[in-house]
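Undergrad: give me a 3D structure for the following:
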Amino acid sequence: MKKTLFFSAIAHSILAICCAGLIFLTSNHSALAQATTESDIVVTGEEVPSAYGAPPGLSRSRFSNTTQAYVLPPWSFFFGELFEGQGFRHGPPNYLFTQEIEMGLPYRFNVAAESQFERFNGGGGAQTVSLEARWALADWNKIPLNPTLFAEYKFGVGTIRHEEVPPPVGGGEEEEEEGGPPKVPDAYEVRLLLAQEFFGRVEWAMNWFFEKENTGDRGREWGFSQSVMTPIFLAEERLKVGIEMEYKNVTTKDTRGDPLNSFVIGPTLAWKPSTQTRLDISPLFGCTHDSPVADVFVAFSWLFGGERAEAEAPVSSRFRYYTDAAYARAGKDSGKEMKQVAYVPPCPQWYGDREWNLNLFGTYAFTNTEFAPNPSLVDIVQSTSEGGPVLGTYDRYIGGDHAWGGGGDIKYFFCRYAGVGLEGFVLDGSKPGFDIFEDQSVPTFVHKRINHNHTIGTVLGTFTLRYPIPCTRLAPYAWAGVGAIFGGGERDELHTQGPPDAFAVNAQTEHFGAETKLLGQFGAGLEFRFARHFGWTNDLSFGVIDGPRNNFGMFRSGVNFAF
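TA: Residues are numbered from 1 along each chain as shown. This next block holds a predicted model:
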C-alpha cells in the first residue's frame, strides 16, 4: 500500500520597510557685490531604484504574475513569493508555491535562483530548483521595446504528480511506471523579454518562451504572455490595474503533431503597501478546451538595495519633483546659476566586524528518491529467493522523499567576513518497512507493511564566509560543516531458504535499528537585516552521509539575532 504524502507550505513572515524621502536645501552665500550666485537644488522623489533609466514599475524583474521585464538596478535584490492555483475541467485542482530571489549586476546583467513546491490530490513536495540569468541589450529606450535575453535551467527534485494540462475526457489516470511515479525531468528554458512605456502612463511587457525537458517524455512548451497596466487613484503609482494573458502550446515526443493549446486571460491588479513592496493579484480564465477553468495568481514581492547603484534617473517626469524653497527669498530669483545635486545619505552599518549570531530556522529536507516504489511484499519474497531483491530505491537513512523539521546554530564572526559556529537540527523522519514470516512446516505466511517513524538529529561544527554588500542590508553567505547524524538508517532485510518460489520458501525478516553516521554539509544563502541586531536568513544546502542514496538537500528559512 502506497503511503500518502502530506505537504504544507511555509509562509515566510515579511516585514514591510518604508523609507521616507528627505529634502535638504543648501545655498552658498557670497558678497553682495557679486553679480551671480550659485546655489543647489536637491532632487527628491519616490525611493524606488531605477534600472538604467527605466521607470520603477519596469525595474522590478517581475512586471506582473505571468510576465517579466528588463533587469534590476545594479546591486539591488528582488524577493518574490508566488502562489498559483489551477482549477481544471476534470480532476482535482493543483497548487504551486514559488520562491525566487534575483540580484542585479553591473552591465545590465541579472542572476537568480528559484524553488517550486506543489500540492496536488492530497500529496505534495518540492518540484524544481532553478538557476536563471538575464541580460538587457542596451540601456532603457536605446532600442525599441527594450529587448532582454533570459535563460533558465531547472533541476527536477520531485515526482510528476500530474501532466502539464488536464487529461482528456474519459482518458482516465495514467498508470504509474514500474518502480513508482516518474521523476520530474531536468529542463531548460529561453525567453525574449520585451517592455515599453507609452504616453507616460501605460506600461507594457511581453515574454516569448520556449522550454524543453531533457528526459522522460521530452515535453516541449512554447508560447507567450503579455501584460499592460496603468496607475489609478493613489499617488506615486501605488495602485495599478490592467489586463494580462498567457498562451501555451504543449507537446511530448509522441504528440508533436497534436499539441494541447492553453489560453488564459483576465484582469490584474498591483498594489504597493510601501515603496519597496508590492502585492499582485491576477484571476485568469481559460478560453480553450485544454485550458484550466481558472488560473489564479497571488504574488508578494520585495525590491531593495541599489541605493548607490549607478543607475540613471527614470525617464518619465512623473517620478520626480523638485524643491525650490531656497529660491523663494525676495529679490534672489533672477540672475542665478542653478544646478541639481542628488542627496546621498551616509551608509549605515548593518553587520559588525565582530559579532555573535544566534539563528533559529525551519527546515524542509528532500532526498530525491522514491518513498516506497515497490508495493508488493510477495514480489519482495520472490525476488529475494531468486537472489535479486526488489526492495526499492528509497533513501536508506532519512527514509521518505521529504521531511520537515527545525533547528538552530550559534556563530562567532571574528571578522566581518568569516566566522565559526555550532549547528544542530532535527527532522521528523518516516521510512517504509515490512515484516514477513513464512514457514512451510506449519505452514504459515505472515506479511505486512510497517512504518518506521523516527526523529533524526544532527550536530555539526561549521565555518561560514559572508560578504555584507556595502550600503545594503544584504549579506550573501556560504558555509561548510562536519559532524554526526543520528536517529535514522533503520532497515529491514529478508532472509530466505528453499526453492525460488514465493509460496514454497522459508522466509523471515531481520530488523535493524537506528545508526549514527558521519555527516558533511555545505550550502549558500542570503541574509537580510531588518535592524542592526535582527535579520532574516534563507539558504539551500546539501548533506552527504554515506553513499548517494543517503544524501539529501535542505531548504532553511529563519530569523537571526546578532549581538
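Undergrad: secondary structure element for the residue nearest in space to the middle of the chain?
TA: What sits nearest the mean C-alpha location of the chain, by Cα atoms, centre = their mean, is Gln99, with 2.6 Å. Element membership of Gln99, judged by DSSP states H and E, is strand 94-105.
Undergrad: rewinding a little: and the gap between the residue nearest to the centre of the chain and Ser557?
TA: Gln99 is 9 Å from Ser557, where distance means Cβ to Cβ, to the nearest Å. (Each C-beta comes from the backbone N, C-alpha and C, glycine too.)
Undergrad: identify the contacts common to those two.
TA: Jointly contacting Gln99 and Ser557 under the rule Cβ atoms under 8 Å, 6 or more residues apart in numbering are Asn538.
Undergrad: ok, the spatially closest residue to the residue nearest to the centre of the chain that is not a sequence neighbour - contacts?
TA: Distances taken as Cβ to Cβ, 6 or more residues apart in numbering place Ser115 nearest to Gln99, at 5.2 Å, with adjacent residues excluded. By Cβ under 8 Å, 6+ apart, Ser115 lies in contact with Thr98, Gln99, Glu100, Ala126, Thr128, Val129, Ser130, Leu540, Phe555.
Undergrad: which SSE is Ser115 in?
TA: In this assignment (DSSP H and E), Ser115 forms part of strand 109-120.
Undergrad: on that earlier part again, which strands or helices does the strand holding Gln99 pack on?
TA: Using 3 or more Cβ pairs under 8 Å, 6 or more residues apart in numbering; DSSP states H and E as the contact definition, the elements that strand 94-105 packs against are strand 76-87, strand 109-120, strand 123-136.
Undergrad: restrict the first one to CA atoms and write it as PDB.
TA: Pointing back at strand 76-87 there. C-alpha atoms of strand 76-87 as PDB (Å, rounded to 0.1, in the frame of the first residue of the first chain):
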ATOM      1  CA  SER A  76      19.600  45.600  -5.900                       C
ATOM      2  CA  PHE A  77      17.700  42.500  -4.800                       C
ATOM      3  CA  PHE A  78      14.300  41.200  -5.600                       C
ATOM      4  CA  PHE A  79      12.400  38.600  -3.400                       C
ATOM      5  CA  GLY A  80       9.200  37.100  -4.600                       C
ATOM      6  CA  GLU A  81       6.600  34.700  -3.100                       C
ATOM      7  CA  LEU A  82       4.200  33.400  -5.800                       C
ATOM      8  CA  PHE A  83       1.000  31.300  -5.400                       C
ATOM      9  CA  GLU A  84      -0.700  29.800  -8.400                       C
ATOM     10  CA  GLY A  85      -4.000  27.900  -8.100                       C
ATOM     11  CA  GLN A  86      -5.300  26.000 -11.200                       C
ATOM     12  CA  GLY A  87      -8.800  24.700 -11.400                       C
END
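Undergrad: please name every helix or strand in contact with that strand.
TA: For strand 76-87, the elements it packs on are strand 94-105, strand 294-305, strand 515-531, judged by 3+ Cβ pairs under 8 Å, 6+ apart.
Undergrad: would you reformat those strands as CSV and include distance to Pro267 and mean pLDDT?
TA: What follows is these, written out as CSV (distance: least, Cβ to Cβ, whole Å; pLDDT from 0 to 100):
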stretch, distance to Pro267, mean pLDDT
strand 94-105, 20, 91
strand 294-305, 11, 90
strand 515-531, 32, 91
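Undergrad: can you say which of the ones you listed is nearest to Ile243?
TA: Within the helices and strands packed on strand 76-87, the stretch nearest Ile243 is strand 294-305; the backing value is 13.3 Å (Cβ to Cβ).
Undergrad: sheet-wise, list the partners of that closest one with their directions.
TA: Neighbouring strands of strand 294-305 in its sheet, by DSSP bridges, are strand 76-87 (antiparallel), strand 277-286 (antiparallel).
Undergrad: would you format the helices and strands packed on strand 94-105 as a markdown table with distance to Phe285 included?
TA: Listed next are those as a markdown table, based on distance: least, Cβ to Cβ, whole Å:
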| stretch | distance to Phe285 |
| --- | --- |
| strand 76-87 | 10 |
| strand 109-120 | 21 |
| strand 123-136 | 25 |
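Undergrad: distance between the strand holding Ser115 and the chain's centre?
TA: Computed by Cα atoms, centre = their mean, to the nearest Å, the chain-centroid distance of strand 109-120 equals 4 Å.
Undergrad: now do stretch 552-559
TA: Distance of stretch 552-559 from its chain centroid, counting by Cα atoms, centre = their mean, is 12 Å.
Undergrad: what is the mean pLDDT for that stretch?
TA: Mean pLDDT, stretch 552-559: 90.
Undergrad: show residues contacting it.
TA: With Cβ under 8 Å, 6+ apart, stretch 552-559 has contacts from 10, 12, 115, 126, 129, 157, 359-368, 395, 397-398, 408, 523, 525, 534-543, 545.
Undergrad: shouldn't Glu114 be in contact with Leu82?
TA: No. With contact defined as Cβ atoms under 8 Å, Glu114 does not reach Leu82; the gap is 9.3 Å.
Undergrad: what touches both of these two?
TA: Contacts common to Glu114 and Leu82, judged by Cβ under 8 Å, 6+ apart, are Thr98, Gln99, Glu100.
Undergrad: as a markdown table, the residues you listed with distance to Pro443 would be great.
TA: Converted to a markdown table, the shared contacts of Glu114 and Leu82 look like this (distance: Cβ to Cβ, whole Å):
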| residue | distance to Pro443 |
| --- | --- |
| Thr98 | 56 |
| Gln99 | 56 |
| Glu100 | 60 |
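Undergrad: closest to His162 out of those residues?
TA: Proximity of the shared contacts of Glu114 and Leu82 to His162 (Cβ to Cβ) peaks at Thr98, which lies at 16.9 Å.
Undergrad: how far off centre is stretch 359-369?
TA: Taking mean C-alpha positions (Cα atoms, centre = their mean), stretch 359-369 and its chain are 14 Å apart.
Undergrad: now do stretch 123-131
TA: 9 Å.
Undergrad: and it, which residues are buried?
TA: Gly123, Gly124, Gly125, Ala126, Gln127, Thr128, Val129, Ser130 (16 or more other Cβ atoms under 10 Å).
Undergrad: and stretch 549-563, by the same measure?
TA: For stretch 549-563, burial by neighbour count (16+ other Cβ under 10 Å) applies to Asn550, Asn551, Phe552, Gly553, Met554, Phe555, Arg556, Ser557, Gly558, Val559, Asn560, Ala562.
Undergrad: among those, which are in strands?
TA: The members of those that map onto strands under DSSP state E are Phe552, Gly553, Met554, Phe555, Arg556, Ser557, Gly558, Val559, Asn560, Ala562.
Undergrad: mind putting those residues into a markdown table with distance to Trp208?
TA: Formatted as a markdown table, these follow (distance: Cβ to Cβ, whole Å):
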| residue | distance to Trp208 |
| --- | --- |
| Phe552 | 37 |
| Gly553 | 32 |
| Met554 | 36 |
| Phe555 | 31 |
| Arg556 | 36 |
| Ser557 | 34 |
| Gly558 | 39 |
| Val559 | 41 |
| Asn560 | 41 |
| Ala562 | 45 |
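Undergrad: any idea which of the residues you listed is closest to Asp217?
TA: Gly553 (24.8 Å).
Undergrad: that closest one pairs with what?
TA: Gly553 has these beta-bridge partners by DSSP bridges: Phe366, Phe542.
Undergrad: what's the distance between it and Glu527?
TA: To Glu527, Gly553 is 20 Å away according to Cβ to Cβ.
Undergrad: fine by me, we can end here.
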